[in-house]
Each structure stands twice: as structure tokens, then as C-alpha cells.
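[1] sharing a model prediction with you, sequence too.
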Amino acid sequence: MGDGTADETLAAKLARIKQELNAVPALPGVYLWKDKSGQVIYVGKAKQLRARMRQYVNFQDERAKIPLLVDQIDSFDYLVVENEHESLVLEKNLINQHAPFFNADFKDDKSYPFIALTKGDVFPAIKYTREKHRADTRYFGPYTDSRAARDMVDIARRVVPLCATSCADWRQLKRRLEKDPLALMSHDARPCFDAHVGLGPGACCGGIAPEEYQVNVKRIERFLSGQHREFVEELTAEMQEAAAELDFERAARIKARVDTINSLTDKQHAVSARNLDADVVGLFREETVAGVHVFMVREGRIMNSNEFVLDRGKDVPDDDLLHMFLLRYYDATTSIPHEVILRDEPEDREAMEAWLTSKLASPYGAKVRITAPQKGEKAELVGMAETNAKHTLMRYKVRTNYDDKRINNALLQLESALALDEPPMRIECFDISTIHGSYTVASMVVFTNGKPDKNQYRRFKIKTPLDEANDFLSMQEVMGRRYAPERMADERFGSKPDLVILDGGKPQLSAALEMFERMGIDDIAMCGLAKRDEELFVPWQDTGPVVLPSGSASLYLVKQVRDEAHRFAITFHRELRGKGMTASILDDVVGMGPVRKKALLKHFKSFRNLKAAALDEIKEARVVPEEVAEELYRVLQQYNRERKDERVVGGEAEAQAASAAQAACPPPGTGAAAASSPVVDAAVEAVVQGAETTREGRQHD
């Protein structure tokens, strides 16, 4: 519905669409948003069509992708259904048909392997296939590993002899039966090779009746569905019966099949003592792609696991990603479990359960449940699936050079958005860290070709006297020191940056530009990144701040650079504060010089160990004279008591607010050894060792 003009404004378009939405019924159904060319760009379902579609044009949907979607929509269509279950099925079919851009999808366009049973034949055969379109064929899968699918076909035939579509004799029998359904092969016919080696039942030579063959078909279906335990019990009973009848050859054949099943289940990881029949789904996402891992747990064991990569995840919430995955995955498979275990319960849980139950088609009326356990065995399984999903995504990114492609896209997007002369191959970002003007420091991080270049990181102590926090003066000082002519000529600072990013908005940008003007620098591009809205302020554009597309590679890179500068500044700031608080601890010890300080630290490995040491331990170290050791022990004990008192005073308010049960628990970190702060300890060690550098960058005073 709807058809806008080429020069229609966004406001006019939204007003037109809102008017057209008045005719949409308040019924369950599926809606399709279309762009100006009529292309379907998003498909969704709703319990109440009119209200759901209005959320888009009224910007009541908080998903990050919505503004971009609304900017592109021009018209819509909808289909009314009887209930939410039908809308779920219709949504799936329409997404498969149109492949809309704003719907998440499988990353790989390839078809996944399946194991198929040709149920429409008199003697159904098993095969490995990547096609799934025949209504008279039952499919098992999908498998993400083609080798695993082929191996499973071989194992299944060793467990339950069955014809294979690759057998020429079976194909001849199939053609013969199609012409004359009663024309079974003669018992005098020569058996095929598969029958000779025990993989086939000899249907080609009349060695098995159709009724008996159908028993094998049902057995192999149960085997491929993971129902191994009941199957083994059935075969064991047959083996014992054959042995009782002294048919030891038949008993040996059955035993070989039982051993094959047992060897397979021995390799399967037992995850539950209960008879758990479930699929466990884990999701891990980064930016616009996500990895998904599915554990197929049958009879308490992981029978199989599948991994997938989802694309078009840009600004798509995890709920939507999982929703689309579940639709696609369970549409493709006939192996429906009795339970699907997820991290979070989906909004359309009831509709999804009804759809899966209809696919399960249990003769006993069993229903499929979707659960989201927060603790216990099942929650641990979800965590394990999520870990595997992360590795799935990492392997995909390595295999496809995903990170390099993303970085290249990010640099090109920045070049375009900021109107730069070339992609910013060297980016320098600055951040100021202070508390009321005390220990004010600045950090400079460098990204070369879109990646952190930690050898180029630098940090600065602000020397400008400040009575209170003043980012303006601090930023000017840093700009003056970093881009002074002598520093620009210093190869230790690397080459001139293509882009300078300041962590802050207009004030920081104005300060830096003023300093650049004083120094006569006009050939370095600079922008300020506002903390709240992540807007980029650039001095050469009068049209307002630059807003990078939400979820874009360029915004991700800018945020990564900003966060790294902030981290580096905070780390340095904490280190200086720690030094200021503790530098005098060892200096208070009479007779303690630099040599003895270093020797003590070398012997005790860390300041924390030294603080926790007993007097006898300090004396036995033989690093300092006995009288100095006693004085050192006294100073350290006093320091430990003061630190403990500080924690007691600081924790009184929390202790008063705590519950009786919490108050009964002993506080962690009791004792002298625990009376320490890693930041303070690191600072003391740095003072003792005279450290003035870090692994990530040099300090410039």
C-alpha cells in the first residue's frame, strides 16, 4: 500500500504512511515493509497488525536499526491470519521468498548436508544430499560437516542394513517396481555388493519382503533421531532370542550392530544423568555477524552439534537473531526435540512452541517446550553452547579475513563521512583524566591501519598548575607538547596523523584548534567525539555534528579508539594516585636506601609479600641489618593497620544495610596479607624499581 513521490520529505512520507495505517486491521498477521522500488526490505509478524506497524513510524520501537529502516520504507503490505501460530509460519515463508535486507539470515548461501530416506519408494533408500525439496522424502539434519553426514550414513547402514540410492541394483529395482508394483526381484537374482558386505538387506535379490524392510526403515529413523537406548534394548532382546534358538550366526550379526551403536554413544559426551531430549542453542555476536551453536542432546548425550553464522545482524537485537535462526533451522530439520533450551525466553514463545509441536507430530500428544534456565545443569549447557558459538564466529572471521574487510570499510566510511582527503591510516586519540585537578594526566593512543599500535602509545603528566579540573587548558598543553616542531621531527612519535580524535565535544575541540592556530598547524584533520551521543564535531563542516550510522564499521572503530584512550588514561591516573599515596612508606624506614629497597623487593617478589612477611622472615632474608628489619616491620604493621581501619570505616554503611544472613558471613580478605590493594602495591613496586615506562608507551614529563 502507498506510493510516495520522488521528492517527498521524511515528515510527509511518515504522515502518508500513518494515514494509510488507519485502514490496517487490529488482527494477527504478517507485515511487509517495502522501499521506493517496491522491494521487500523487512518482514515481521504481529498479534495486532495496526498497533505494531504504528510503532515503526512513531519511533516507539527502540531497536537501533529502526531509524535506518524507517528512512528507507516507502510502502507496505500485510496478510491477515487466524492466529499467531499461522503468522509464524507465514513470516518464515515470506522471509525465505524475499530475503529482506533488514532480516537476519544465514551468512553462507550454501545448502547444508542432510541424510535422506526416500519414503515414497517400496524399498526406501538412504542417501547423503544437499537438496531438501521432495515431499515424499524424510530428511535428517542439517549437518554442518559433510564428512560427519557421510559417516553417519555408513554407520546407520551397519546398524540397520538398508539400500542406498547410490546402488545400481537398487535403482534398477526402483524402475522395475515403478512399471509393475508387483514385479519384485527373484530370489535367484545375484545380490549386490552392499548385500555381500552386510550394508544392504538384499532387496535387489528378493532377500527381504517389503513388510520386513519397512521394519528396518522405522528402526533407522529412530536411530537417526537419536533414540539409541530403546533401540539397543530391542536388538539385545533379538540377540538373546537368536542365541536361545542356537542361531549363533544371526546373534553374532546383531551383536556387531549393538557394538556399533555402543561405540558411537561412547564417543558422545554425556551431559545429563536424566533422559534429556533437547536442543541447546548458544549465540555469540560481534557487530553485524553472529555465531550460533546447537547441541543435539538425545537420551542425555550430545548426539551431534551444528554451527552456523548469521549475517545482517546490524542493529538486530539478539532476540530477533535467535527468532530468525529458530525459524530457519527447524524449518530445515525433521529432528524436533521435546525441549529447546535458550539463554532467554523469546517473546513469541507460545507461538514458537505450537509451531514446533505441530512439526513434532507426536502420536502420544507430546508438546515441545522452550525453556530458559538461569541455573543448574541446563544453564551450564547453554553456557557451553555459547562458548562454542564464539569459537565458531572466530573461525569464520579468520577464514574470511572478516576483520581486515571490516577495518577497510571503516576507514573508507570515515573518509567519506568526515570529508577527508584519504582514509585515516594513522589515527591519534587523546583523553584527559583527573579528579578535581589532582594527578591530571593525558593519554595518546595510536591506531595504524585500523588496529592498536601500542608501541606508539604515549602518556603525559599535565604540568599546567590547576586549582580544579580544566580540560580546556589540559588539552591545550597536550596539543602543544605532542605537535611541537621538535616532537613532530622526533621519529619516536611516528609519522604525522591522518586524523586526530579528541575524547570530548566542542570545548576540547576548540582548545585544540586554538593551540593548532598558535603553532601554525593547518594540515592535520581533527574532530571531537561527544561522550553522550557519540557525535563527531568537525571544524570544517557547518551543517552540525557528523552522526555515523548506528552499527556501522566506522562507528565501531571510533568507539574502539575512544575507549582505548580512556582505558590508557585511567590506568596511568590510578598509577600516579597510588604512587602519591604510598611512595613514602619505605622512605619512613630509617636506614632504608635505594639499594636495600630493591634487594628487599627482589627477595620477596612483590610489595604485597613484603607487607605480609613476619619479622623473622625479614631477618632471615639477610638483606638489611637486624635493627633496620625491626624498624621496617614496625612501619609495615602500622601501614597494614591503617589500611584495615580505612576499609572498616568505609564499609560501615554497607554493613548496616546488609541483611542478617549477609552479616553472618565473614568478610573476604581478612588478615595482613589481604590488607592490600593491587594498585597501591604496583605503585610501590614502580617507585622502588624506579620505573618510568610501561609496556604500552613512554611517559613524557
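    Happy to help now that I have it.

[2] quick one: the strands in the stretch 201-350 of the chain?
    278-286, 289-298, 301-311, 339-341 (DSSP state E, counting those that start in this stretch).

[3] one more: the stretch 551-700 of the chain?
    Under DSSP E, counting those that start in this stretch, the stretch 551-700 of the chain gives strands at 697-700.

[4] how about the helices in it?
    Along the stretch 551-700 of the chain, the segments classed as helices by DSSP state H, counting those that start in this stretch run 553-582, 594-604, 607-612, 615-620, 626-657, 660-664, 678-689.

[5] which of those comes out lowest on mean pLDDT?
    Mean pLDDT is lowest for helix 660-664 out of the helices of the stretch 551-700 of the chain, coming in at a mean of 34.

[6] now do the contacts for residue 153.
    115, 126-128, 164 (C-beta atoms under 8 Å, 6 or more residues apart in numbering). All C-beta spots, glycine's among them, are computed from the backbone N, C-alpha and C.

[7] with neighbour count and secondary structure as added columns, please give the residues you listed in TSV.
    Putting the contacts of residue 153 into TSV (neighbours: other C-beta atoms under 10 Å; DSSP: H, G, I helix; E, B strand; the rest coil) gives the following:
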residue	neighbour count	secondary structure
115	22	strand
126	24	strand
127	15	strand
128	20	strand
164	18	strand
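
[8] got the confidence number for residue 273?
    47.

[9] and the furthest pair within the contacts of residue 153?
    115 and 164 (11.0 Å; C-beta to C-beta).

[10] shared neighbours, those two?
    126-127, 153.

[11] which of those sits closest to residue 361?
    residue 126 (21.3 Å).

[12] the closest one and residue 158 touch, don't they?
    No. Applying C-beta atoms under 8 Å as the test, residue 126 and residue 158 come out as separate, 11.7 Å apart.

[13] give the contact list for the nearest residue to residue 547 once chain neighbours are set aside.
    Nearest residue to residue 547, sequence neighbours excluded (C-beta to C-beta, 6 or more residues apart in numbering): residue 535, at 5.7 Å. The contact partners of residue 535, taken as C-beta under 8 Å, 6+ apart, are 505, 529, 545-547.

[14] closest to residue 318 out of the strands of the stretch 201-350 of the chain?
    Comparing those by C-beta to C-beta, strand 278-286 comes nearest, at 6.0 Å.

[15] state the mean pLDDT of that closest one.
    90.

[16] just to revisit the earlier point, pLDDT-wise, what's the bottom of the shared contacts of residue 115 and residue 164?
    Minimum confidence in these sits at residue 153, scoring 84.

[17] separation between that residue and residue 539?
    Using C-beta to C-beta, to the nearest Å, residue 153 is found at 67 Å from residue 539.

[18] what's the answer for residue 399, then?
    Taking C-beta to C-beta, one finds residue 399 at 42 Å from residue 539.

[19] please apply the same query to residue 98.
    Applying C-beta to C-beta to residue 98 and residue 539 gives a distance of 45 Å.

[20] now stretch 123-136 - C-alpha only, CSV.
    Presented in CSV, the C-alpha positions along stretch 123-136 are these (Å, rounded to 0.1, in the frame of the first residue of the first chain):
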residue,chain,number,x,y,z
PHE,A,123,12.1,-50.1,-0.7
PRO,A,124,13.1,-46.7,0.7
ALA,A,125,16.8,-46.0,0.4
ILE,A,126,19.2,-43.8,2.3
LYS,A,127,21.4,-41.1,0.9
TYR,A,128,23.6,-38.1,1.6
THR,A,129,22.2,-34.9,-0.1
ARG,A,130,22.3,-31.1,0.0
GLU,A,131,18.8,-30.8,-1.6
LYS,A,132,15.7,-30.7,0.6
HIS,A,133,12.6,-30.3,-1.6
ARG,A,134,10.9,-33.7,-2.1
ALA,A,135,7.7,-34.2,-0.1
ASP,A,136,8.0,-38.0,-0.2
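
[21] contact partners of that stretch?
    By C-beta under 8 Å, 6+ apart, stretch 123-136 touches 110-120, 139, 146, 149-150, 153, 156-157, 162-167, 170, 173-174, 177, 203, 210, 213, 217, 220, 332.

[22] filter the residues you listed to the buried ones?
    Buried by 16 or more other C-beta atoms under 10 Å: 112-118, 139, 149, 153, 156-157, 162-165, 167, 170, 173-174, 177, 203, 213, 217, 220, out of the contacts of stretch 123-136.

[23] after the helix or strand where residue 153 lies, which helix or strand is next? Please name it.
    Under the criterion of DSSP states H and E, residue 153 resides in helix 146-159. Counting by DSSP H and E, the element after helix 146-159 in chain order, helix or strand, is helix 168-179.

[24] now whichever helix or strand comes after that next one: how far from the chain's centre is it?
    Downstream of helix 168-179, the next assigned helix or strand under DSSP H and E is helix 193-196. Using C-alpha atoms, centre = their mean, to the nearest Å, the distance from the centre of helix 193-196 to the centre of the chain it belongs to is 48 Å.

[25] hey, C-alpha coordinates of helix 193-196 in CSV?
    Provided in CSV are the C-alpha atoms of helix 193-196 (Å, rounded to 0.1, in the frame of the first residue of the first chain):
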residue,chain,number,x,y,z
PHE,A,193,27.9,-55.7,-3.3
ASP,A,194,26.3,-53.9,-0.4
ALA,A,195,24.3,-57.0,0.5
HIS,A,196,27.6,-59.1,0.4
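
[26] what sits up against it?
    With C-beta under 8 Å, 6+ apart, helix 193-196 has contacts from 157, 161, 163-164, 167, 200-202, 204-205, 207.

[27] give the buried residues for it.
    194-195.

[28] now stretch 441-454
    Here stretch 441-454 shows 441-447, 450, 452-453 as buried, counting by 16+ other C-beta under 10 Å.

[29] could I get the residues you listed as JSON lines with distance to residue 26, pLDDT and secondary structure?
    Rendered in JSON lines, the data for the buried residues of stretch 441-454 read as follows (distance: C-beta to C-beta, whole Å; pLDDT from 0 to 100; DSSP: H, G, I helix; E, B strand; the rest coil):
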{"residue": "441", "distance to residue 26": "59", "pLDDT": "83", "secondary structure": "strand"}
{"residue": "442", "distance to residue 26": "58", "pLDDT": "87", "secondary structure": "strand"}
{"residue": "443", "distance to residue 26": "56", "pLDDT": "89", "secondary structure": "strand"}
{"residue": "444", "distance to residue 26": "58", "pLDDT": "91", "secondary structure": "strand"}
{"residue": "445", "distance to residue 26": "54", "pLDDT": "93", "secondary structure": "strand"}
{"residue": "446", "distance to residue 26": "57", "pLDDT": "93", "secondary structure": "strand"}
{"residue": "447", "distance to residue 26": "52", "pLDDT": "94", "secondary structure": "strand"}
{"residue": "450", "distance to residue 26": "49", "pLDDT": "90", "secondary structure": "coil"}
{"residue": "452", "distance to residue 26": "53", "pLDDT": "91", "secondary structure": "strand"}
{"residue": "453", "distance to residue 26": "57", "pLDDT": "90", "secondary structure": "coil"}
